[in-house]
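Colleague: could you work out the structure for the sequence below:
(chains A and B)
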There are 2 protein chains.
Amino acid sequence: MVNSADPAELAARIMLAVEQRMLALTTEMSAPGVTSAGQQAAAARHHLASGGRRVRARLAVHAGIALGLADADIIAIASAVELLHNASLVHDDLQDQDPDRRGATAVWVAFGNDVAICTGDLLLSAAYRSVADLHSLSHLPAVLRLMHAAINAVIGGQCDDLAARAMPVHDLATYQTIAKAKTGPLLGLPVALALLLAGHEAQLTDVQTAAECFGLAYQIKDDIADVDDDRAHSGRAAKLNVVAVLAQSMSATESVLQAKQLCLANVDRAINIAMALPNGSGMMLAGLATAMVKAAA
Amino acid sequence: MVNSADPAELAARIMLAVEQRMLALTTEMSAPGVTSAGQQAAAARHHLASGGRRVRARLAVHAGIALGLADADIIAIASAVELLHNASLVHDDLQDQDPDRRGATAVWVAFGNDVAICTGDLLLSAAYRSVADLHSLSHLPAVLRLMHAAINAVIGGQCDDLAARAMPVHDLATYQTIAKAKTGPLLGLPVALALLLAGHEAQLTDVQTAAECFGLAYQIKDDIADVDDDRAHSGRAAKLNVVAVLAQSMSATESVLQAKQLCLANVDRAINIAMALPNGSGMMLAGLATAMVKAAA
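Modeller: Numbering: from 1, shown residues only, chains lettered A, B, ... in the order given. A predicted model of the protein is given here:
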């Protein structure tokens, strides 16, 4: 791959390679002679074709270019984080019984529950397969450890979030723990992996903090928008929502105002930490946070 | 770890370390300060405590000792293959609505469908995390590729198996493809990983063939035992069963006899290939196959 002088053009070229890599790792047949009907591959193709902004892949690409990583390594980590995110979406949609994903039918609706479980597994496995292509071999064990730590945290957050529907959450601290774990780790992972490959291990804690604040702010913003929907969620128990948690000890109007303030405070913190990361590797994360404030204002 | 002169004692010591490793990788909290209620960790502990023969871990340990691998590397690959197998069990039980697992309640019954999905994901991720501990770093990319290829094949087999309930399979060739993919890859993986780490890449195809024949024979034996149950499976569509496939073109008695012959032919082939693997690394696989013939006789 010939390097381009224009970072935006380079990023676009790498993102194209990431799309191809994600498809190849999930839809290739397992071995010559294996003639699987391939519902799982068709479902992975259906899900990936529904698009999305590919925020996690773009975070990795931005940070990777800023830190001067090799294109092949950027493609490997960007594909890995985006595959992880999409694995979680396929399983989350099934768990939440959300019928739509990005304007298309969710995998569980189009292919059934069983194939949705298998497809999420396939995307998760493909994420780890992706980092087998890293040139920077000495970092591979730490890459695997960071990936599993993020997944472990996200799964914990998801289980706590689901449990909160059966046993409602009454305090803000518990809400924050769950919301941080649910979204933050997979948002921080792209930048964390890029920093790791560039030798900046010391900054990994900062990335995690910034991503948790960003993830928390993102959840709060979502909660404010969805508060009425979440109360009556498809006949199932009410979803965890910060406005509902706060409304247990203040008026409805006050709880929305306080949720907005909490969102802004966490966005500010995320921006400050992300801007201070080496070589501007956190600028895109800071930019996403800034855009969120403007949208909320 | 001090090496023991007695291979059986060494194997027992390594298996104990494998149990501890599997628990640690799935039940450790993600980070300091994270206070997850940890339903997924409790479910992983519940599932792993139900035991099982740990055949895949023991295959890796046997092959690893035969090939002179370092204890740490044997523990890493044995934990990985056993975690993968258990991930598939947790998700299979949910898909099949099987309420029991090894005399205990299946995870989906004890913890609900949502936690069962998360727990399978956690076990799958932990399998990849396990190989981050390999000392033999240069083989790590190939290890990740072999793991994903096996998972990809198993997921394809599982999806085809589930699809066969909606659209019954009429020919033996399709049955064999599905049955090989469903069981073989995760039975071959333990020995394949040990051979890979010992530098015997050339034998990987042989292992795959032996494991596929063994897996196919195992499925056929199961099918013969379960033929009446599979016809009326918990009110769902009939499970794929070789006796039912054969009975479409011959009598019921003949179809059982022919299924037994097919089982024995594949066991024979598995034994012959496994016995010829380097340093006796396939002897346990051959032994399992021999035991299966005796049980079927």
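Colleague: CA atoms for contacts and neighbours, from now on please.
Modeller: Will do.
Colleague: wait, residue A:59 touches residue A:283, no?
Modeller: No: the pair residue A:59 / residue A:283 is not scored as a contact, 9.1 Å apart, by Cα atoms under 8 Å.
Colleague: of the two, which one has the most company?
Modeller: Of the pair residue A:59 and residue A:283, residue A:59 is the one with more neighbours under other Cα atoms under 10 Å in any protein chain shown, namely 26 against 21.
Colleague: stretch A:244-260 - what's its average pLDDT?
Modeller: What stretch A:244-260 shows for mean pLDDT is 92.
Colleague: that one: end-to-end distance?
Modeller: For stretch A:244-260, the first-to-last residue distance is 13 Å (Cα to Cα, to the nearest Å).
Colleague: residues contacting it, please?
Modeller: A:169, A:170, A:171, A:172, A:175, A:220, A:221, A:224, A:227, A:242, A:243 (Cα atoms under 8 Å, 6 or more residues apart in numbering or on different chains).
Colleague: is it true that the fifth one touches residue A:239?
Modeller: By that I understand residue A:175. No: assessed by Cα under 8 Å, residue A:175 is found out of contact with residue A:239, at 11.7 Å.
Colleague: what's the overlap in contacts for those two?
Modeller: Taking Cα under 8 Å, 6+ apart as the criterion, residue A:175 and residue A:239 do not both touch any residue.
Colleague: wait, residue A:42 sits on residue A:23?
Modeller: No: if you go by Cα under 8 Å, residue A:42 and residue A:23 don't touch, sitting 10.3 Å apart.
Colleague: the more surrounded of the two?
Modeller: A count of neighbours by other Cα under 10 Å puts residue A:23 above the other of residue A:42 and residue A:23, at 20 against 17.
Colleague: now the more buried one: which helix or strand?
Modeller: Assigned by DSSP states H and E, residue A:23 falls within helix A:7-27.
Colleague: residues from the stretch 51-200 of chain A in reach of chain B?
Modeller: Listed as neighbours of chain B in the stretch 51-200 of chain A under the rule Cα under 8 Å from any Cα of the partner chain: A:91, A:95, A:113-115, A:117-118, A:121-122, A:124-126, A:128-129, A:131-133, A:137-138, A:140-142, A:144-145, A:148-153, A:155-160, A:162, A:177-178.
Colleague: from the residues you listed, which would you call buried?
Modeller: Among these, those scoring as buried are A:91, A:95, A:113-115, A:117-118, A:121-122, A:124-126, A:128-129, A:131-133, A:137, A:140-142, A:144-145, A:148-153, A:155-160, A:162, A:177-178 (criterion: 16 or more other Cα atoms under 10 Å in any protein chain shown).
Colleague: flag the shaky bits of the stretch 1-150 of chain A, pLDDT-wise.
Modeller: Along the stretch 1-150 of chain A, the model assigns pLDDT under 70 to residues A:1-5, A:29-37.
Colleague: now do the strands in it.
Modeller: Using DSSP state E, counting those that start in this stretch, the strands found in the stretch 1-150 of chain A span residues A:100-101, A:104-105.
Colleague: now mean neighbour count too, for those strands, in JSON lines please.
Modeller: Below are these laid out as JSON lines (neighbours: other Cα atoms under 10 Å in any protein chain shown):
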{"stretch": "strand A:100-101", "mean neighbour count": "15"}
{"stretch": "strand A:104-105", "mean neighbour count": "16"}
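Colleague: residue A:240 belongs to a helix, doesn't it?
Modeller: No: using DSSP: H, G, I helix; E, B strand; the rest coil, the assignment for residue A:240 is coil, not a helix.
Colleague: in the helix or strand where residue A:222 lies, what counts as buried?
Modeller: Using DSSP H and E, residue A:222 falls within helix A:204-231. Buried residues in helix A:204-231, defined by neighbour count with 16+ other Cα under 10 Å: A:204, A:206-221, A:223-224, A:227, A:230-231.
Colleague: surely residue A:275 is in contact with residue A:287?
Modeller: No: Residue A:275 lies out of contact with residue A:287 (Cα under 8 Å); the separation is 9.1 Å.
Colleague: so those two - more neighbours on which side?
Modeller: Comparing residue A:275 with residue A:287 by other Cα under 10 Å, the one with more neighbours is residue A:275, at 18 against 14.
Colleague: contacting residues around that one?
Modeller: Listed by Cα under 8 Å, 6+ apart, the contact set of residue A:275 reads A:282, A:283, A:286.
Colleague: next one: phi and psi at the first one?
Modeller: Backbone torsions for residue A:282, taken as degrees, to the nearest 10, come to phi -100, psi 10.
Colleague: state the pLDDT value of it.
Modeller: For residue A:282, the model assigns a pLDDT of 97.
Colleague: grab the nearest non-local neighbour of it.
Modeller: Leaving out its chain neighbours, the residue that sits closest to residue A:282 by Cα to Cα, 6 or more residues apart in numbering or on different chains is residue A:274, at 4.6 Å.
Colleague: how about the strands of the stretch 1-150 of chain A in TSV, adding distance to residue B:18?
Modeller: Converted to TSV, the strands of the stretch 1-150 of chain A look like this (distance: least, Cα to Cα, whole Å):
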stretch	distance to residue B:18
strand A:100-101	40
strand A:104-105	42
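Colleague: residue A:168 in helix, strand or coil?
Modeller: State at residue A:168, reduced to three classes by three-state DSSP: coil.
Colleague: could you count how many residues lie near it?
Modeller: Residues near residue A:168, counting by other Cα under 10 Å: 16.
Colleague: give the contact list for the closest residue to it other than its chain neighbours.
Modeller: What sits nearest to residue A:168 in space, not counting adjacent residues and going by Cα to Cα, 6+ apart, is residue A:240, at 7.4 Å. By Cα under 8 Å, 6+ apart, the contact set of residue A:240 is A:161, A:164, A:165, A:168, A:169, A:175, A:230.
Colleague: I'd assumed the first one was in a strand, is it?
Modeller: This points to residue A:161. No: per three-state DSSP, residue A:161 lies outside any strand segment and is helix.
Colleague: could you check how far it is from residue A:60?
Modeller: Separation of residue A:161 from residue A:60 (Cα to Cα): 27 Å.
Colleague: more neighbours, the two?
Modeller: Applying other Cα under 10 Å to residue A:161 and residue A:60 shows that residue A:60 carries more neighbours, namely 32 against 25.
Colleague: just to revisit the earlier point, just the closest of the contacts of stretch A:244-260 to chain B, please.
Modeller: Each of those was scored against chain B by Cα to the nearest Cα, and residue A:175 proved nearest at 11.0 Å.
Colleague: pretty sure the closest one belongs to a helix, no?
Modeller: Yes: counting by three-state DSSP, residue A:175 is part of a helix.
Colleague: any idea how far it lies from residue A:79?
Modeller: From residue A:175 to residue A:79 the distance is 31 Å (Cα to Cα).
Colleague: pick out whichever of these two has more residues nearby.
Modeller: Counted by other Cα under 10 Å, residue A:175 and residue A:79 do not tie: residue A:79 has more neighbours, with 34 against 21.
Colleague: quick one, what contacts the more buried one?
Modeller: Per Cα under 8 Å, 6+ apart, neighbours of residue A:79: A:18, A:19, A:21, A:22, A:57, A:127, A:130.
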